[in-house]
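J.: 3D, please:
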Amino acid sequence: MAKLAHFFISVILLLTLVSASSAQDVSISASVDKKTVALGDVIVFTIHVVGSQAIAAPNLPNIDGFEGQYLGPNTQLSVVNGQSSVSVDHRYRLRTMKKGRFIIPTIAIRYRDKLYRTKPIEVQVTAGSGASESKAMTSEDLKKYIRLDILTKKETAYINEGIPLVIRLYIRSGIEVQNIARRPVFPSAGFSVIPLGNPVQRQTVINGIRFVAVDFSTTVYPITTGELTLGPADMDCRVVTRPSRGRRGARYVLNVKSEPHVITVKPLPTAGQPKNFSGVVGKYALSVVAKPTSLKAGEPITLTMTVRGSGNIDSVGIPTITDLAHFKAYDPQVNLSKRGNTGAKTFEQVLIPTSSHVEAIPEIQFSYFDPDLEQYVTQSKGPIPIQVMPSDEEKPLRILEIAEGKAVKREVLGRDIVYIKDEIGAVTTNNSRLYKNKGFLLLQLLPLAGVTGVFVYQKRRERFATDRTYARQYHAPRKAKKGLAQAWELIESGKTQEFCSAIFKTMQEYLGGRFNLPSAGITVEIVDSLRDQGFAEEILEKLTDFFQSCDRIRFARSKIGEHEMTEILVLAKEIVELLGK
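T.: Next comes the predicted model:
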């Protein structure tokens, strides 16, 4: 059963991947992990392809000042708010060969008869060696890599107009921020604010540097006029810097603060304001349904009026019925449904025509101010034709029969009063109690178990989507097991170089996922970082032996037999098992 479920899930993911890659627009960009680097050090140059995974890695031209090597692809499938996207990153290692300013040129890629070009990137290579510095990055240094902005599409607005607001956290590649789900806070005097939505992450490139952009979206409504200030927004971030050449890894609690944002709020115009206008601003549509439309005088009509659209739906009041002289009206029941800045408000009002001469429900009007058109809009529905017939004359009660000296009365149905029975009738004892049935009680647990299962699955899915660190750590052992199995097949085939490349890449990806590091940059230098974190010497020695063995074969082109390859494979398995405890 588990295998069958796994098969169906794989098919669904594959179909999602295919549909996403065919429907998405393709975009191609390039970035580097740093723009200032020491002579002899390396940078990672990445070509980002969003919308397709079918684009092969382009061959880099000879780049002055660098020696390049392709590291491999990194593919991703993400689903955010029901929208799926596919992407692939082609990564290259560029080693600096001389000091100065150098340009990584434009890379041209042709896909489906369309030519895409990346932007050139300038890199500064300094004479100093990054390896001579060993101090950790300070919190002041981090402020250059993490930024918080308040973004709006409007600098001026009308009172009560919905203003979309995004608080965006920029995190430079190589910096990890934990607890991103914690919301930023910001002063908002003079505004009504919808709570911030769940954070949405995406990749972006700014001046050739790759950033993670985390968006917290909301809508604010100004409730007074004048110059109003939003922010500054601030949030506390738990920051982890990864160890790299020349710097140790470190952890910080960093307070990030944005600049304040000023919005000019204008009053609504008085010219052309309808008499029934109640202050609603936005874009709305009115629909009206009356049931029944054929009835007798004194019987009720349910009038359902729905206002739906975008704006401050909470401020929407009941539409106006122009003339209720011939109706008795009751207070409406109100139902509200909303999501962010859009929603619907339904008013169910009972009307009772007081005369059989009434022929229609009068016209119904709803007025609002449209900030885009900068004018008032009145929507009207009706009059709604109805047919009101005279009410029946009251019928007296009649005695139908005499039974055992008691009169039996007929109840006249459809009246306001239904007579109480004065005979209880036949009574029998029912000894069967459903609540005492064990099977019935166990059956009641099924919905609870189902809801609990769906809740746990949804929470797990959300965590995989928002917590990249957790997702990488969770999948790392399974990917390592698969990679080690493929390495064993290469041993049996006698493919030495393919074996070393495969097992080296497998361990890079496992260690990268296990410690949330860029996989391509993991070498024997990771041992020093793990030693600082207090890992056992047994693990550190095995890691050192593994990387040295692989480097000897990969770079010295040493010839090894099946026995030596088996030892390296066993060593890799032991490392995975020790780190998995």
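J.: residue 527 belongs to a strand?
T.: No. Assigned with DSSP: H, G, I helix; E, B strand; the rest coil, residue 527 falls outside any strand and is helix.
J.: residue 210 versus that one, what's the distance?
T.: Residue 527 sits 27 Å away from residue 210, going by CB to CB, to the nearest Å. For the C-beta atoms, the positions are set from N, CA and C on the backbone; glycine is no exception.
J.: next one: residue 84, what pLDDT does it get?
T.: pLDDT, residue 84: 63.
J.: correction: residue 264
T.: pLDDT for residue 264: 93.
J.: isn't residue 266 up against residue 155?
T.: No. Assessed by CB atoms under 8 Å, residue 266 is found out of contact with residue 155, at 11.5 Å.
J.: which one's more surrounded, the two?
T.: When residue 266 and residue 155 are compared for neighbours, residue 266 comes out ahead with 15 against 10, by other CB atoms under 10 Å.
J.: nearest residue to that one other than its sequence neighbours?
T.: Distances taken as CB to CB, 6 or more residues apart in numbering place residue 158 nearest to residue 266, at 5.4 Å, with adjacent residues excluded.
J.: show me what contacts that neighbour?
T.: Taking CB atoms under 8 Å, 6 or more residues apart in numbering, we find residue 158 in contact with 222, 265, 266, 267, 268, 281, 369, 371.
J.: before we move on, the earlier item: who's more crowded, residue 527 and residue 210?
T.: Neighbour tally, residue 527 and residue 210, criterion other CB under 10 Å: the higher count belongs to residue 210, 21 against 18.
J.: distance of that one from residue 188?
T.: From residue 210 over to residue 188 (counting by CB to CB), the distance is 32 Å.
J.: who's in contact with stretch 509-522?
T.: With contacts defined as CB under 8 Å, 6+ apart, stretch 509-522 is touched by 33, 42, 44, 71-72, 74, 91, 93, 174, 176, 240, 242, 244, 468-469, 472-473, 475-477, 479-480, 483, 507-508, 526, 576, 579.
J.: and for the closest residue to residue 375 other than its chain neighbours, the neighbour number?
T.: Distance criterion CB to CB, 6+ apart; nearest residue to residue 375, sequence neighbours excluded, is residue 272 at 6.7 Å. Residue 272 has 9 neighbours, counted by other CB under 10 Å.
J.: right, and residue 272 touches residue 377 too?
T.: No. Counting by CB under 8 Å, residue 377 is not a contact partner of residue 272; they are 10.3 Å apart.
J.: hmm, back to that, would the residue nearest to residue 375 count as being in a helix?
T.: No. Using three-state DSSP, the assignment for residue 272 is coil, not a helix.
J.: let me know the pLDDT of it.
T.: Looking at residue 272, its pLDDT is 88.
J.: now do the one 3 residues further on
T.: At residue 275, the model reports a pLDDT of 88.
J.: for the remainder of this discussion, apply numbering that starts at 33.
T.: Okay, using 33 as the starting number, the last item reads as residue 307.
J.: against residue 318, how distant is it?
T.: 17 Å.
J.: please apply the same query to residue 392.
T.: In this view, residue 392 and residue 318 are 17 Å apart by CB to CB.
J.: between those two, who's got more neighbours?
T.: For residue 392 and residue 318, the more surrounded residue by other CB under 10 Å is residue 318, and the numbers stand at 19 against 15.
J.: give the contact list for that one.
T.: For residue 318, the contact set (CB under 8 Å, 6+ apart) comprises 337, 338, 339, 351, 396, 398, 411, 412, 413.
J.: identify the farthest-apart pair in those.
T.: 338 and 412 (14.7 Å; CB to CB).
J.: before we move on, the earlier item: could you turn the buried ones of the contacts of residue 190 into a PyMOL selection?
T.: The buried subset of these, as determined by 16 or more other CB atoms under 10 Å, is captured in PyMOL by this line:
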select buried, resi 254+297+300+313+401+403
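J.: show me which of the contacts of residue 190 is closest to residue 85.
T.: Proximity of the contacts of residue 190 to residue 85 (CB to CB) peaks at residue 403, which lies at 42.6 Å.
J.: hmm, residue 314 and that closest one touching each other?
T.: Yes. Judged on CB under 8 Å, residue 403 makes contact with residue 314 at a distance of 7.5 Å.
J.: overlap in contacts, those two.
T.: Joint contacts of residue 403 and residue 314 (CB under 8 Å, 6+ apart) are residue 193.
J.: show me where the stretch 83-232 of the chain has its strands.
T.: For the stretch 83-232 of the chain, the strands defined by DSSP state E, counting those that start in this stretch cover 98-112, 115-128, 132-136, 140-143, 146-149, 153-158, 178-184, 188-190, 195-204, 207-210, 223-225, 232-238.
J.: quick check: which of these is nearest to residue 481?
T.: strand 98-112 (25.9 Å).
J.: then the closest one to PDB, C-alphas only?
T.: Listed next in PDB are the C-alpha coordinates belonging to strand 98-112 (Å, rounded to 0.1, in the frame of the first residue of the first chain):
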ATOM      1  CA  PHE A  98      39.700  33.500 -13.900                       C
ATOM      2  CA  GLU A  99      40.000  29.800 -14.300                       C
ATOM      3  CA  GLY A 100      36.600  28.100 -14.600                       C
ATOM      4  CA  GLN A 101      35.100  24.700 -13.700                       C
ATOM      5  CA  TYR A 102      31.500  23.500 -14.000                       C
ATOM      6  CA  LEU A 103      30.200  22.300 -10.700                       C
ATOM      7  CA  GLY A 104      26.800  20.900 -11.800                       C
ATOM      8  CA  PRO A 105      23.100  21.700 -11.800                       C
ATOM      9  CA  ASN A 106      20.700  22.300  -8.900                       C
ATOM     10  CA  THR A 107      17.100  21.800  -9.800                       C
ATOM     11  CA  GLN A 108      14.100  22.900  -7.800                       C
ATOM     12  CA  LEU A 109      10.300  22.500  -7.900                       C
ATOM     13  CA  SER A 110       8.400  24.800  -5.600                       C
ATOM     14  CA  VAL A 111       4.700  25.300  -4.900                       C
ATOM     15  CA  VAL A 112       3.600  28.700  -3.400                       C
END
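J.: and that strand, what other elements does it pack with?
T.: Contact here means 3 or more CB pairs under 8 Å, 6 or more residues apart in numbering; DSSP states H and E; on that basis strand 98-112 packs against helix 34-55, strand 115-128, helix 477-498.
J.: per-residue confidence for the residue nearest to residue 298?
T.: On the pLDDT scale, residue 190 is placed at 93.
J.: try residue 432
T.: At residue 432, pLDDT is 43.
J.: now swap in residue 503 and tell me
T.: Listed pLDDT for residue 503 reads 78.
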